[in-house]
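Participant: compute the structure for the input listed below.
(one chain, ligands or ions: 1)
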Amino acid sequence: MNIPFNKPCFIGKETEYITQAVKSGKISGDGMFTKKCHDFFESKYGFKKVFLTTSCTDALEMSAILLDIQEGDEVIVPSFTFVSSANAFVLRGAKIVFIDSCLDHPNMDASRLESLITEKTKAIVAVHYAGIACDMDPIMELAKKYRLFVVEDAAQAIHSFYKGKPLGSIGHLAAFSFHETKNIISGEGGMLVINDEQFIKRAEIIREKGTNRSQFFRGEINQYNWVDIGSSFLPSDMIAAFLYGQLEQLEKVQEKRMKLWSQYQQAFNDLVVTKKVDLPKIPEYASNNAHIFYLVCKSKEERSQLIEHLSIDGILAVFHYLSLHKSPFYSANHNLVELVNSDNYSERLLRLPLFYDLTNKQQTYIINSIQRFYKS
Ligand SMILES: *Cc1c(COP(=O)(O)O)cnc(C)c1O
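Facilitator: Alright, predicted model coming up:
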């Protein structure tokens, strides 16, 4: 059997809607399907204002511009995350101050946050790893106390909640991804969420190359001008058409992923009891959106052996982030503080195949292969 790590799912009217977009004669940004997607998110999750972007990376870059990040400003970012969580701010000249993960969870350890805040701190990037919420209350309280902004990197966090509140609705800004590896996809794609009203007007301009073209299209002004910095952050309506086809199937996708996730969890319970592996922890304040199922192995060596064992069985399992503070690009800028929990997850976390089309038969095959590894 050959089982990939991920397989993008196509289960709705994605191609039908793309055809519809093409036939409508308007396929650049902010067409009919973009509006449908915006309405979907604003009404379903109560996000104050959303803008589709061409990626989550772009939404993060827009956030850095909106927060007016300047040379020398400090931004606190977990080390255990995707490069874009940090890179978007580095592009504006920020210094990244890396925060460690929790001992028992890859998310940032909010109890360390206050000690990292200085006069130069401008923002905190809260990354909800595997779609599991960071502990947002203490993060938001500190942000208020020190007048900082919070950007939720909710790339993996669609349809996930913190104490009942949708992720993406808590920080001043939030960024989602629809990259083909996420739960809901459009190939490449993303979205900026604005919960703090003061940023709405400028976001519209930054997203349209620094012009007030959106106001012009709405007939509010009779010509449009270059009024700010900006870039081309808006996706074509064909991308939005694809995305809307997926959004209509959100419940179905989530139901299937949750089922697969629970089946993994049940199957590996005995390995936890015998202390062979650790499984993802869902804190009581967080929901699970079944974005990632992972095992935490006992050592880096054991993880390598397990990857090799699975690969012989035709199963592709992959690890995740290498700590950003040790990256070739940033290690020279880093203050050499040890971030042991982040390193720990870098070395020992292993993600198992989890995608909509994964069959029960395939999943049983993966489970059996792992059980065999731990028996021998
Ligand atoms: C996938 C991901 C991103 C990047 O998303 P793109 O849409 O590919 O730009 C950023 N942050 C995290 C945590 C991610 O998982």
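
Participant: tell me, how many residues neighbour residue 298?
Facilitator: 12 (other CB atoms under 10 Å). All C-beta atoms are positioned from the backbone trio N, CA, C, and that covers glycine.

Participant: do you know how far residue 342 is from residue 320?
Facilitator: 11 Å (CB to CB, to the nearest Å).

Participant: shared neighbours, the two?
Facilitator: In terms of CB atoms under 8 Å, 6 or more residues apart in numbering, residue 342 and residue 320 are both contacted by the residues residue 80.

Participant: looking at the two, which is more packed in?
Facilitator: residue 342 (27 against 17).

Participant: and the more buried one, what pLDDT?
Facilitator: Residue 342 is assigned a pLDDT of 97 by the prediction.

Participant: that one should be in a strand, yeah?
Facilitator: No: looking at residue 342 with DSSP: H, G, I helix; E, B strand; the rest coil, it is helix, so not inside a strand.

Participant: out of everything not next to it in sequence, what's closest to residue 32?
Facilitator: residue 24 (6.3 Å; CB to CB, 6 or more residues apart in numbering).

Participant: which residues touch that neighbour?
Facilitator: 31, 32, 237.

Participant: how is this structure carved up into domains?
Facilitator: In terms of domains, the chain is parsed into 14-247, 250-375 (source: automatic domain parsing).

Participant: how about those domains in JSON lines, adding distance to residue 3?
Facilitator: Shown next, in JSON lines, are the domains of the chain (distance: least, CB to CB, whole Å):
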{"stretch": "domain 14-247", "distance to residue 3": "16"}
{"stretch": "domain 250-375", "distance to residue 3": "5"}
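
Participant: between these, which one is nearest to the ligand?
Facilitator: domain 14-247 (3.3 Å; CB to the nearest ligand atom).

Participant: any residue of that closest one up close to the ligand?
Facilitator: Yes: using CB under 6 Å from any ligand atom, domain 14-247 reaches the ligand at 55-57, 81-82, 84-85, 127, 153, 155-156, 177, 179, 190.

Participant: and residue 334, what pLDDT?
Facilitator: 71.

Participant: any idea how far residue 127 is from it?
Facilitator: Distance, residue 334 to residue 127, by CB to CB: 18 Å.

Participant: okay, the two: which has more neighbours?
Facilitator: Using other CB under 10 Å, the more surrounded residue of residue 334 and residue 127 is residue 127, with 26 against 18.

Participant: spit out the contact partners of that one.
Facilitator: 77, 78, 81, 82, 85, 107, 108, 134, 152, 153, 155.

Participant: thought the third one was touching residue 325?
Facilitator: No: under the criterion of CB atoms under 8 Å, residue 81 lies out of contact with residue 325, with a separation of 10.8 Å.

Participant: center of this protein - which residue?
Facilitator: Centroid check for the chain by CA atoms, centre = their mean gives residue 155 as the closest residue, at 1.7 Å.

Participant: wait, that residue sits on residue 176?
Facilitator: Yes: if you go by CB under 8 Å, residue 155 and residue 176 touch, sitting 6.2 Å apart.

Participant: any idea which of the domains of the chain is most buried?
Facilitator: Stretch with highest mean neighbour count among those: domain 14-247 (a mean of 20; mean count of other CB atoms under 10 Å).

Participant: off-centre distance for it?
Facilitator: 10 Å (CA atoms, centre = their mean, to the nearest Å).

Participant: how much space between residue 223 and residue 201?
Facilitator: Residue 223 is 18 Å from residue 201, where distance means CB to CB.

Participant: least trustworthy helix or strand in this structure by mean pLDDT?
Facilitator: For the chain, counting by mean pLDDT, DSSP states H and E, helix 213-217 ranks last in confidence among helices and strands (a mean of 94).

Participant: could you give the mean pLDDT of the lengthiest strand in the chain?
Facilitator: Scanning the chain for the strand with the most residues, using DSSP state E, yields strand 121-127. Across strand 121-127, pLDDT averages out at 98.

Participant: in its sheet, what does that strand sit against?
Facilitator: For strand 121-127, the paired strands and their directions (DSSP bridges) are strand 74-78 (parallel), strand 149-153 (parallel).

Participant: packing partners for the longest helix along the chain?
Facilitator: Ranked by residue count and defined by DSSP state H, the top helix of the chain is helix 250-267. Here helix 250-267 touches helix 360-375, going by 3 or more CB pairs under 8 Å, 6 or more residues apart in numbering; DSSP states H and E.

Participant: between the helix it packs on and helix 250-267, how many degrees?
Facilitator: 30 degrees (axes from the mean of the first three to the mean of the last three CA atoms, to 10 degrees).

Participant: so what does helix 360-375 touch, helix or strand wise?
Facilitator: Here helix 360-375 touches helix 250-267, helix 269-273, helix 300-312, going by 3+ CB pairs under 8 Å, 6+ apart.

Participant: got those as TSV, with mean pLDDT and distance to the ligand columns?
Facilitator: Listed next are those as TSV, based on pLDDT from 0 to 100; distance: least, CB to the nearest ligand atom, whole Å:
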stretch	mean pLDDT	distance to the ligand
helix 250-267	98	16
helix 269-273	96	25
helix 300-312	98	20
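
Participant: let's have those helices in a markdown table, adding distance to residue 46.
Facilitator: Shown next, in a markdown table, are the helices and strands packed on helix 360-375 (distance: least, CB to CB, whole Å):
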| stretch | distance to residue 46 |
| --- | --- |
| helix 250-267 | 16 |
| helix 269-273 | 36 |
| helix 300-312 | 40 |
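
Participant: and residue 72, how far from residue 120?
Facilitator: 6 Å.

Participant: identify the contacts common to the two.
Facilitator: Contacts common to residue 72 and residue 120, judged by CB under 8 Å, 6+ apart, are residue 95.
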